[in-house]
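>>> Quick one, structure for this:
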Amino acid sequence: MALLLPATGASKTLTEVNNDTGRLAFCGPYVLAAITGFPISKVEDVVRDLRHVPDGLRPVVKGTHTEEVSQALARFGYVMKPVSSFMNLPRKERPTLWSWMQKPRNAWAHYILAIHKGKEGHWILIKGVKMCDTFTEGRWTFVCDGPHRGCRIMEIFEVRRDLGV
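Numbering: from 1, shown residues only. Predicted coordinates:
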């Protein structure tokens, strides 16, 4: 399996997302694009390949699962490791994004968080004190200014380059 490398944007630490699809994109592709530096169209192609979508069909990538996000990241040369899961707790007892931000963590690592947004799950990306997702339209914003401070966390994953060590 070939490792995919972006033409530009790889050296930046906070890559803004290029939604080159001309339509709304969903949280999974946004998070993957922000980490890898690839445009949404390329990220969606990888996810469709993982889903074994027949050639010629290009459905919108909506509703990504943890395994799909992890496998897509692996194709781009990243590894996604679980840090915490709060799925065993009732929703009201799960930590909020803001309470998690107060805890020590690696400021240089990307963290993908599965959060509750209404009745559905939603992926957001955190690096340091900034976040990126569909609600910020792929731009990095401070978590304290973002729309998800009070959202409850379901799971947390750390993402790093796969150095094969």
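>>> which element is the residue most central in space within the chain on?
With distances taken as CA atoms, centre = their mean, the chain has residue 31 as the residue nearest its mean C-alpha position (2.8 Å). Using DSSP states H and E, residue 31 falls within helix 27-36.
>>> Show me what the following helix or strand past that helix is in contact with.
Using DSSP H and E, the helix or strand that follows helix 27-36 in sequence is helix 40-50. Residues outside helix 40-50 that contact it (CB atoms under 8 Å, 6 or more residues apart in numbering) are 4, 17-21, 25, 28-30, 32-33, 36, 57-61, 64, 68, 71-72, 75-76. Bear in mind the C-beta positions are built from the backbone N, C-alpha and C, glycine included.
>>> quick one: the helices in this structure?
For the chain, the helices defined by DSSP state H occupy 27-36, 40-50, 66-75, 97-101.
>>> tell me the residue furthest from the middle of the chain?
residue 56 (26.2 Å).
>>> Please report the distance of it from residue 48.
Noted for residue 56: a distance of 11 Å to residue 48, by CB to CB, to the nearest Å.
>>> do residue 15 as well
Per CB to CB, residue 15 is found 22 Å from residue 48.
>>> One more: residue 18?
As judged by CB to CB, residue 18 and residue 48 stand 18 Å apart.
>>> since we're on the closest residue to residue 53 other than its chain neighbours, how many residues are nearby?
Nearest non-adjacent residue to residue 53, counting by CB to CB, 6 or more residues apart in numbering: residue 59, 6.5 Å away. Residue 59: 9 surrounding residues under other CB atoms under 10 Å.
>>> how about the closest residue to residue 84 other than its chain neighbours, what does it touch?
The shortest distance from residue 84 to any residue other than its chain neighbours is 4.5 Å, reached at residue 156 (CB to CB, 6+ apart). Residues counted as contacts of residue 156 (CB under 8 Å, 6+ apart) are 82, 83, 84, 85, 100, 111, 112, 113, 114.
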